[in-house]
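Undergrad: 3D model of this:
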Amino acid sequence: MRGKQLRPDFSSLALRLSCLSVCIILVIGTLAGCGSSSASSTTGGGTATTVASVAATCTPAAINGGGTSSCTATVQGNGNPSQSVTWTVSPSSAGTMSSGGTFTAASVSAKATATASACSVVPGYTTICGSFAITVSPAAPTITISANPATITLGQSTTIAWSSSGCPNGLTAGGAWSGSQPASGSATETPAATGTATYTLSCTGPGGSANQSAAVTVNAVPVPNVTGVSLATIYLMGLSSQSIVNNVELTGSNFASSDTVYPTEFNNILIEQLVSSTQISLSLQFGATGYSPGWLTFAVCQNANDTGCGTSQTIAFLGALNYLGIGQNGNILFYDQTQGNSNGALNGIVRTYNAGGTQTNQCFVATQYSMAVDNKTPYMLIDESIYNSTGPNSGTSCDYGDAPNPQGMPSGTVNANAADNGYAGFVQTANNSASFYDMTGGTGSQPTVYTASNLGTEPVTIAMGTYGGETDAFVLSVGGTNAVLNDIRASDAYVKEKPLTLSGITPIGTVQATNYTTGGWQIIAFEGTSPASGTIAVLSTYDNLLVLVDEATWTVTASIPLTADAKGNPIGGTPFRIAADAPAGTVIVAYANPSAVTTTYASVDAVAGTKPVPLTATSTLLSVGLGISSDGTTIYSSQRNQLQILQNK
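TA: The predicted structure follows:
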């Protein structure tokens, strides 16, 4: 029995030794297999590589739909295991995973969790994996919006274009617009005011809220500027053919068809045509010929209430007749052609000032061409009507109830008149005649009207003077081939001399063929104790010429160009009015200077016939009314409802 107990079981021992030796070999080689959970491999009897674990990390751990997270894996074990892994993500609806470990989140409507897994695979053994949870939220809404152009002028339009994401319910407009807008689109908008117009779009979606804006700078419309006018002066001679001035061109910038051209006063009609943004063509139609409003300033304005106007240009609206006279008592009277005044059909106002320049009276008249004031009686002539120069005796109408009532007045329009020493005289272009009557009979008298005909064609202006007790009238006719001067006795309209041809004065037909707006003729006569008594001075504006005539010899004594002084220095402007400085025996010439908007003056010695000498006197008024005080010290300059008194020096 003892022997039996001591006998080893060699088969069992051999098996155990075999197993032990194998396990020792495996442990030494670090190759798992006997109860190990790690992955391992053996290479050619060398050291075995074991992967113990894989750790996965993703940054950031929370992203929005459409965002990305960068994932990395760390493989741990023995024998320097390979760090390469295979990446997967679940569920697949949460996003996608690149082979390099970049997770891109899908667009989700609600928060979700994506599990990113990194696995190290050893062929033939257990796969070791690590994972990381990524929170995926709905994407934040995005809005892009733009304005093209981003800078405009008021009245212009801009295009607003936009797109968005994450805005399932569309967009809400705010700022310079309102209402709902689709997720993408475009719209044309026209801002209503200058400044900055901000167009805003906003939305709220599963991923939050978004708000974006586009700003549009809205500049004011550039004001229209007038920088030039095609004419510098306008004359209306009282001839029907001259009631319309065509082809007036305004040049400048920023003109538009919606603009208003000024002036619009005086009941004048301005027919305008927009040629381009830099040119406007005008035709001016006037309610009365023989019209002399003074300075006429052209402006182009954006609004009909005379606002939104840029620079303007002024021309001289001269007329051809002098609208100022000095009365028997030294008062200054002038005719203000106020067409369109508040008194309905009344077309003019006679204003009276004392010698100190204070207005003392005014009255309305219903006629509109010419004016003269007598130096002997208290009467003034407005066209063919006689009024008391002391003003109205009732209401606002000028008084003619206590004036003479001339008999045998010829029909037709009176184009110019004159008065001197109690006589009234007037010319009628249509009749080629001049008529006269005596006003000294006073109130209620009925003087006979005497008419001289055949004075040449188109007598346009008249002056009167008294010499040796006889009052004469001098009438200039410009309708023939030459301008001629007539000498007529006022008491009976006897034509005393043959018509005197005035060389150098262009007749009206030639003037009108060239540009009738530049015409204009005037006459003054020196009388009494003046050194120049007996001299008649004739002005031709078209020719810039002053012609002196001796009444006694009925000859031309001088023809004086008015454009330069004795030294040859130019005298700027257009000569358009003359008045007699009786004490000095000189002709005072008024020059219109539209560029400076002033009237300047020069003196011409009517005895010596010398060239003009510029004076220092300057008026801001256009002297459509011009007169000289009886002592020669003062120049009176009137325009519309204004009077300026200047020193004659």
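Undergrad: residues touching Pro507, list them.
TA: By C-beta atoms under 8 Å, 6 or more residues apart in numbering, Pro507 lies in contact with 478-483. C-beta coordinates here come from the backbone N, C-alpha and C atoms, glycine included.
Undergrad: Just the buried residues of these.
TA: The neighbour-count test (16 or more other C-beta atoms under 10 Å) marks 478-479, 483 as buried among the contacts of Pro507.
Undergrad: quick check, nearest of the residues you listed to Ser186?
TA: Taking C-beta to C-beta as the measure, Ser186 lies nearest Val478 of the buried ones among the contacts of Pro507, at 69.8 Å.
Undergrad: That closest one and Ile508 touch, don't they?
TA: Yes. In this structure, Val478 is within contact of Ile508 by C-beta atoms under 8 Å, at 4.4 Å.
Undergrad: and for these two, which residues touch both?
TA: With C-beta under 8 Å, 6+ apart as the test, Val478 and Ile508 both reach 458, 460.
Undergrad: Let's test this: name the helix or strand in this protein with the lowest mean pLDDT.
TA: helix 10-29 (a mean of 34; mean pLDDT, DSSP states H and E).
Undergrad: Now do the SS call for Thr481.
TA: Under DSSP: H, G, I helix; E, B strand; the rest coil, the three-state class of Thr481 is coil.
Undergrad: Contact partners for Thr634?
TA: Neighbouring residues of Thr634 by C-beta under 8 Å, 6+ apart: 628, 645-648.
Undergrad: tell me the phi and psi of it?
TA: Backbone torsions of Thr634, given as degrees, to the nearest 10, read phi -130, psi 140.
Undergrad: what does Gly509 give?
TA: Dihedral angles of Gly509 (phi, psi; degrees, to the nearest 10) stand at phi -60, psi -40.
Undergrad: does it really touch Gly479, like I thought?
TA: Yes. Counting by C-beta under 8 Å, Gly479 is a contact partner of Gly509 at 7.0 Å.
Undergrad: Any regions of the stretch 51-200 of the chain where pLDDT drops low?
TA: Applying pLDDT under 70 to the stretch 51-200 of the chain picks out residues 122-125.
Undergrad: how about the strands in it?
TA: Per DSSP state E, counting those that start in this stretch, the stretch 51-200 of the chain carries strands over the ranges 62-64, 68-78, 86-90, 95-97, 102-105, 112-120, 128-137, 142-148, 151-153, 158-165, 171-175, 179-181, 185-189, 195-205.
Undergrad: now the second one and strand 112-120, what's the angle there?
TA: Taking axes from the mean of the first three to the mean of the last three C-alpha atoms, to 10 degrees, one finds strand 68-78 and strand 112-120 inclined to each other by 30 degrees.
Undergrad: Okay, angle between strand 68-78 and strand 128-137 too, please.
TA: For strand 68-78 against strand 128-137, the angle by the same axes, to 10 degrees is 160 degrees.
Undergrad: who touches strand 68-78?
TA: Contact with strand 68-78 is made by 30, 38-40, 48-61, 63, 81-85, 87, 97, 101-105, 116, 118, 120, 128, 130, 132, 134, as judged by C-beta under 8 Å, 6+ apart.
Undergrad: tell me, what's touching Gly509 and Gly479 both at once?
TA: Residues touching both Gly509 and Gly479 by C-beta under 8 Å, 6+ apart: none at all.
Undergrad: Cys363: which of the contacts of Thr634 is nearest?
TA: Ile645 (21.9 Å).
Undergrad: in a strand, that's where that closest one is, yeah?
TA: Yes. Counting by three-state DSSP, one finds Ile645 located in a strand.
Undergrad: What's the separation between it and Ile578?
TA: Noted for Ile645: a distance of 19 Å to Ile578, by C-beta to C-beta, to the nearest Å.
Undergrad: Who has more neighbours out of the two?
TA: Neighbours per residue (other C-beta atoms under 10 Å) separate Ile645 from Ile578, with Ile578 holding more: 22 against 16.
Undergrad: Give me the neighbour count for the closest residue to the more buried one other than its chain neighbours.
TA: Spatial nearest neighbour of Ile578, chain neighbours left out: Leu539 (4.8 Å); criterion: C-beta to C-beta, 6 or more residues apart in numbering. Applying other C-beta under 10 Å, we find 27 residues neighbouring Leu539.
Undergrad: Partner strands of the helix or strand where Leu539 lies and their direction?
TA: Assigned by DSSP states H and E, Leu539 falls within strand 535-540. Using DSSP bridges, the strands paired with strand 535-540 are strand 521-525 (antiparallel), strand 545-550 (antiparallel).
Undergrad: Now do the helices for this protein: every range, in order, please.
TA: 2-6, 10-29, 508-515 (DSSP state H).
Undergrad: Hmm, Ser435 and Thr448 touching each other?
TA: No. In this structure Thr448 lies outside contact range of Ser435 using C-beta under 8 Å: 10.4 Å.
Undergrad: Which one of those two is surrounded by more residues?
TA: It is Ser435, of Thr448 and Ser435, that has more neighbours when counted by other C-beta under 10 Å, with 27 against 11.
Undergrad: Kindly provide the distance from that one to Thr390.
TA: For Ser435, the distance to Thr390 - C-beta to C-beta - is 25 Å.
Undergrad: likewise Ile134?
TA: 109 Å.
Undergrad: again, but for Thr471
TA: Taking C-beta to C-beta as the measure, Thr471 falls 23 Å from Thr390.
Undergrad: list the contacts for Ser533?
TA: 467, 526-527.
Undergrad: neighbour-wise, which of these leads?
TA: Phe526 (26 neighbours).
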